[in-house]
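**Q** Pasting a predicted model and its sequence here:
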Amino acid sequence: MTAILSDILESAREPGTSRFSASRIASILGLQQQELAELAGVHRNTLRIHPQSPRLQSVLRDLMRVLSAAT
């Protein structure tokens, strides 16, 4: 189980960075980009244009914590 969670967490990151990928997390959670933007309280274009946004990254990190706790 730990290996599966580790793989999910790693696949949720942007390649070569420590940032979480909004599109990958949306896919993992079965959300549309617009839904994820609404959850994060950011404009939908922020996911694509400013993926490093502190607000967005904070929400993505929290979502991954919830997923981790749930597993």
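**A** Okay, I see it.
**Q** any low-confidence regions in this structure?
**A** Under the criterion pLDDT under 70, the flagged ranges of the chain are 1-2.
**Q** Give me the packing partners of the longest helix seen in it, helices and strands only.
**A** Counting residues, the longest helix found in the chain (DSSP state H) is helix 54-70. Applying 3 or more Cβ pairs under 8 Å, 6 or more residues apart in numbering; DSSP states H and E, we find helix 54-70 packed against helix 2-11, helix 22-29, helix 33-40. Using the backbone N, CA and C atoms, a C-beta is placed for each residue, glycine as well.
**Q** which strands and helices sit next to the last one?
**A** If contacts are counted by 3+ Cβ pairs under 8 Å, 6+ apart, helix 33-40 sits against helix 22-29, helix 44-49, helix 54-70.
**Q** okay, that helix in PDB with CA atoms only?
**A** Extracted C-alpha coordinates of helix 33-40, given in PDB (Å, rounded to 0.1, in the frame of the first residue of the first chain):
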ATOM      1  CA  GLN A  33      -9.700  21.600 -14.500                       C
ATOM      2  CA  GLN A  34     -12.500  24.100 -13.800                       C
ATOM      3  CA  GLU A  35     -13.600  22.200 -10.700                       C
ATOM      4  CA  LEU A  36     -10.000  22.100  -9.300                       C
ATOM      5  CA  ALA A  37      -9.700  25.800 -10.000                       C
ATOM      6  CA  GLU A  38     -12.900  26.500  -8.000                       C
ATOM      7  CA  LEU A  39     -11.700  24.300  -5.100                       C
ATOM      8  CA  ALA A  40      -8.400  26.200  -5.100                       C
END
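**Q** Buried residues, that helix. List them.
**A** L36, A37, A40 (16 or more other Cβ atoms under 10 Å).
**Q** residues in contact with stretch 25-45?
**A** Defining contact as Cβ atoms under 8 Å, 6 or more residues apart in numbering, one finds that stretch 25-45 is touched by 8, 11-12, 22-23, 46-47, 53, 55-56, 59-60, 63-64, 67.
**Q** Right, I'll call it a day here.
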